[in-house]
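*Asks:* Next input, structure requested:
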Amino acid sequence: MAQFSRRNFLRTGLTGGALMLTPGLRAQSQSPIPSGPRGEPGRARNVIFLVSDGMSLGTLTMAERYRRRHEGRGTHWLDLYTRPDVRRALVDTASANSLVTDSAAASSAWGCGHKVNNGAINFAPDGRPHTPILPLARAAGLGTGLVSTATITHATPAGFAAQVAARADEAAIAAQYLAAGIDVLLGGGAQFFDPARRADRRDLSADYVSAGYQVVRDRQALEQAPAGSRLLGLFADSHLPYTLDHRADPALAAAVPSLAELARAALARLARQPRGFVLQIEGARIDHAAHANDIGGLLFDQLAFDDALGAAVAFAAGRDDTLVMVTTDHGNANPGLNGAGGSYGETGACFDRLAQFRRTNAWTLGGLNADSTAPQVRDRVKEATDLALAEDEIDLLRRALRKEHREGYRVRNAPIVALGQILSNYTSVGWTGTAHTTDFVELAAFGPGSENLHGLIQNTALFGVMTHALGLSQKQG
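*Replies:* Okay, the predicted model is just below:
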């Protein structure tokens, strides 16, 4: 396991040159502070970095449209664009070895300021480790935290705190968090702390307790955790439930906090840090829903993420010492609301149908199999979405369940994707595929250090923005 030594700390480095725009795959891997309006950026005490994992622009747009139609207000994200103090940029997300990044390479770019290959976390293509921002912040006396609806050891949170050659090594990541002394860890992934399921049989939860952490497993324990201790919250063996499934299951709703609740808990605890903090907050399951072409899973998890963004905006309100950045690591599947009806007049009604969705596609297919009858398929989809499928749609889904369905674009043969395509007949939401995209992505930021964010930037630049705003650049050679 790589250690966070002083040598690695100093080797990370921070470059203060001008930003290279639209470079090729192997262009500048170090993270410059982007050029822009002249004047020294302000100094930040706190950094809150929010990630809507796998969010394409269509996802952001649909969340705004839905929230305005059904809640009479806009999203916190789009609200930011009405503020004169908010800076906006497009971000190039390419990794060191691909135009299309994965979450490990993308979060590492933010975390250490270098392009790495897909699948690696803070390891250069030549095998050299780079020290990520949370150990740097911790060495400077700042509080540190990670919040995610995925396993807390997943690629995006790990990009801010760990060093592994392969993102799948979540057991090692769990141990590295302890070695790095990350103050607050809230998410899923209890399996990677359990001696019965770790290859080394290490009781990592017990080790966290011995190191002074409060370990909590449900909402009530989170609410009752002593404010002065470090905190490890593990609310599922794997990922946290999708928002749709979470709110439909009383047991889950009672036991598992929402992302906004986790964000507020982390902020309240880290706000006690005398020298400030760095916190990453990830809405992870937006990405998972996009992979599955699951519009219900996607939309309602994006709205839940937006609620967490609202918690961050509320924390920063009235302060001049907190840098807030919200972005995504990459797009995924490019969902978008297409015109519906002869004059496109029915598009709003699609959101009314989505408002009736109660379960995700994963839940729907969890109750079906290759032997499911037409009535069983019809009833299961009806229970999940309140939609009555046509006979040919039921037949298509049954053929997909039997692995007999064939489309020209083969990724659409999978049952979960076939269901997503069928639901598009009722929601008018189209998908270009089932994987990450190379699209430039949205970034909004405000607070000290955001002054020079504009135009088209590399994802690596955000490391320089954060470390410079926090004064960490002064501690590196």
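*Asks:* and Leu401, how far is that from Leu134?
*Replies:* 44 Å (C-beta to C-beta, to the nearest Å). Using the backbone N, CA and C atoms, a C-beta is placed for each residue, glycine as well.
*Asks:* which one of those two has more residues nearby?
*Replies:* Neighbour totals were compared for Leu401 and Leu134, and Leu134 leads with 29 against 19 (other C-beta atoms under 10 Å).
*Asks:* Quick check: bridge partners of the residue nearest to Asp85 when sequence neighbours are not counted?
*Replies:* Spatially, and ignoring its direct neighbours in sequence, Asp85 is nearest to Phe446 (5.1 Å; C-beta to C-beta, 6 or more residues apart in numbering). In this entry, Phe446 is beta-bridged to Val324, by DSSP bridges.
*Asks:* how about the strands in this protein?
*Replies:* Remark: strands assigned in the chain by DSSP state E are 46-52, 87-92, 143-151, 184-188, 213-216, 230-234, 277-283, 322-327, 336-337, 429-430, 441-446, 456-458.
*Asks:* TSV please, covering those and showing mean neighbour count, distance to Gly408 and mean pLDDT.
*Replies:* Listed next are those as TSV, based on neighbours: other C-beta atoms under 10 Å; distance: least, C-beta to C-beta, whole Å; pLDDT from 0 to 100:
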stretch	mean neighbour count	distance to Gly408	mean pLDDT
strand 46-52	27	31	98
strand 87-92	20	31	98
strand 143-151	27	32	98
strand 184-188	26	37	98
strand 213-216	20	49	98
strand 230-234	24	43	98
strand 277-283	29	33	99
strand 322-327	25	34	98
strand 336-337	18	20	96
strand 429-430	20	15	96
strand 441-446	22	29	98
strand 456-458	21	34	98
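*Asks:* Those strands: which one's closest to Asn361?
*Replies:* strand 429-430 (12.4 Å; C-beta to C-beta).
*Asks:* low-confidence ranges in this structure?
*Replies:* 1-42, 473-477 (pLDDT under 70).
*Asks:* picking up where we left off before, hang on, isn't the residue nearest to Asp85 packed against Arg83?
*Replies:* Yes: using C-beta atoms under 8 Å, Phe446 is in contact with Arg83, at 6.9 Å.
*Asks:* how many other residues sit next to Arg275?
*Replies:* Neighbours of Arg275 (other C-beta under 10 Å): 12.
*Asks:* any idea how far it is from Cys112?
*Replies:* From Arg275 over to Cys112 (counting by C-beta to C-beta), the distance is 22 Å.
*Asks:* Outline the domain layout of this structure.
*Replies:* The chain is divided into the following domains under automatic domain parsing: 30-334+435-475, 336-430.
*Asks:* Which of those has the highest mean neighbour count?
*Replies:* domain 30-334+435-475 (a mean of 21; mean count of other C-beta atoms under 10 Å).
*Asks:* From the chain's centroid, how far away is it?
*Replies:* Put simply, domain 30-334+435-475 sits 6 Å off its chain's centre (C-alpha atoms, centre = their mean, to the nearest Å).
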